[in-house]
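Colleague: Predicted coordinates and the sequence they were generated for:
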Amino acid sequence: MASNACKLLSLVLFLALVIQGYGYCQLNDLSVKQSKTGKLVQNKPEWEVRVTNPCKCKFQYTKLSCAGFQSVTPVATSLLSKVGDICLLNAGNFILPNVDFVFKYVWDTSFNLKVIDGVIVCS
């Protein structure tokens, strides 16, 4: 009896580890990387922001901290909409698995953009 209980407990722990490692995503799984494109607009560099989702789940209503964010050229609100120090990506639509979400802006320096909120949708 004790042997069966030990086997059952081992199986439950194993499955919990497998599910945790392969089935669930967290906000910090999204990566935000910025790089200069090499293009200048009004003597300011253009920056490309690439949000990468390596998870099997989709992210919705993804928000970035974007204090002070501005751009010489407008960024479409369907890509990035700013309210105060918070920016909403993709108009709240999904950031899909294994697909980079990209937008560009023009400013002297890059801004410190970090994922701070969102809804994880796993099916």
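Modeller: Cool, got the structure.

Colleague: how near is the nearest residue to residue 34 once chain neighbours are set aside to residue 48?
Modeller: Closest residue in space to residue 34, ignoring its immediate chain neighbours: residue 110 at 4.7 Å, by CB to CB, 6 or more residues apart in numbering. In short, each C-beta sits where N, CA and C put it, glycine included. Per CB to CB, to the nearest Å, residue 110 is found 10 Å from residue 48.

Colleague: Common neighbours of these two, please.
Modeller: residue 34 (CB atoms under 8 Å, 6 or more residues apart in numbering).

Colleague: Just give me the residue closest to the centre of this structure.
Modeller: residue 30 (3.4 Å; CA atoms, centre = their mean).

Colleague: you'd agree that residue is up against residue 59?
Modeller: Yes: counting by CB atoms under 8 Å, residue 30 touches residue 59, with 6.2 Å between them.

Colleague: what do the two both touch?
Modeller: With CB under 8 Å, 6+ apart as the test, residue 30 and residue 59 both reach 53, 95, 118.

Colleague: Do a quick rundown of the helices in this protein.
Modeller: With DSSP state H as the criterion, the chain has helices at 2-22.

Colleague: Give me the below-cutoff pLDDT ranges for it.
Modeller: Scanning the chain for pLDDT under 70 picks out 1-23.

Colleague: tell me what the longest strand along it is packed against?
Modeller: Looking across the chain with DSSP state E, the single longest strand is strand 31-41. Where contact means 3 or more CB pairs under 8 Å, 6 or more residues apart in numbering; DSSP states H and E, strand 31-41 is packed against strand 44-52.

Colleague: So which elements touch the strand it packs on?
Modeller: strand 31-41, strand 101-106.

Colleague: Can you point out the buried residues in stretch 84-94?
Modeller: Of all the residues in stretch 84-94, those buried under the rule 16 or more other CB atoms under 10 Å are 87-90, 94.

Colleague: now that stretch, how far from the chain's geometric center?
Modeller: 11 Å (CA atoms, centre = their mean, to the nearest Å).

Colleague: and if you look at stretch 45-64?
Modeller: 4 Å.
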